[in-house]
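# Next come a sequence and a model predicted from it.
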Amino acid sequence: MIEKYRDVLIIHECDVAYAVSCDSTGAIGEKENDVLKVDAEVVGRAAIKVALSDILCIGAWPIAISDTLSNEMNPTGIKIIDGIKKELTENEIYDIRLTGSTEENFPSTMTGVGVTAIGKAEKEDLKVRKAKVGMEVGLLGYPRVGQEVLCFDDILLLKDYVKIFRCNEIVEAIPVGSKGIKYELNVLKFTSGLNLLREYDDEIDDEKSGGPSTCCIVVYKKDDRQIVQNLVDKPFIRLGRLS
């Protein structure tokens, strides 16, 4: 059976589940017509972080990655792929297969990257539909987008998503991207069938883009709040309680 859960495809097979996620990045890089100018290695790091955050948050560990680059291999592709490999190694994500393709027929003046990630999990370990009445909802990190991502240190990194994956006290986790916190809270409402008794105010813009998964909504038991709050060295905001 194949189901779509949020932005992830989950393939169920006996006692094992495979998760498939993807992300795309455009107009960010070193090329002439890129809107945001950054090193191509940074582009590779950001792209892989978003794709991996999706599968890590549902409790799957990455086993394969495909990168589809709308640019030439040398020099742009080499830098992007190098960024991907460094991000994996620095976060101790080993034994993972890489494949991909580049555009060698036509010259490109803007950077374009697509990434697909595949993860594997035991079905019982999936962080899917585990939210229950009375559990709390919090936010780790802070929504940032564009140039802000390069200027602030309150955003989640891949290492933080690895910690979320390994944290048994977090029963569900939703990375926040371009659609913002409010949208993702509605996704949680839809998948859980529960309402959120909101407890946050104007301390955060819940409609602002979270860019490359700069923050993450987490669900946990009230008694585990301190563990979750201290999980990463990033801001924690209590969003409310499920009812």
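Now that the structure is in, tell me what you want to look at.
# Please parse the protein into its domains.
2-125, 136-242 (automatic domain parsing).
# so can I have JSON lines of the ones you listed showing mean pLDDT and mean neighbour count?
Just so you know, the C-beta spots here come from the backbone N, C-alpha and C atoms, and that holds for glycine as well. Shown next, in JSON lines, are the domains of the chain (pLDDT from 0 to 100; neighbours: other Cβ atoms under 10 Å):
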{"stretch": "domain 2-125", "mean pLDDT": "95", "mean neighbour count": "18"}
{"stretch": "domain 136-242", "mean pLDDT": "94", "mean neighbour count": "18"}
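# residues contacting I84?
When contacts are counted by Cβ atoms under 8 Å, 6 or more residues apart in numbering, I84 touches 44-45, 47-48, 65, 67, 98, 115.
# Name the next helix or strand downstream of the host helix or strand of it, please.
Following DSSP states H and E, one finds I84 within helix 78-90. Counting by DSSP H and E, the next helix or strand C-terminal to helix 78-90 is strand 97-101.
# Give me the angle between whatever helix or strand comes next after that next one and helix 78-90.
Reading on from strand 97-101 to the C-terminus, the next helix or strand found by DSSP H and E is strand 112-122. Going by axes from the mean of the first three to the mean of the last three Cα atoms, to 10 degrees, strand 112-122 is angled at 20 degrees with respect to helix 78-90.
# ok, the residue nearest the centre of the chain - contacts?
When the chain is reduced to its mean C-alpha position, the closest residue under Cα atoms, centre = their mean turns out to be S53, at 2.9 Å. Each residue near S53 by Cβ under 8 Å, 6+ apart is listed here: 156, 158, 161, 175, 213, 216.
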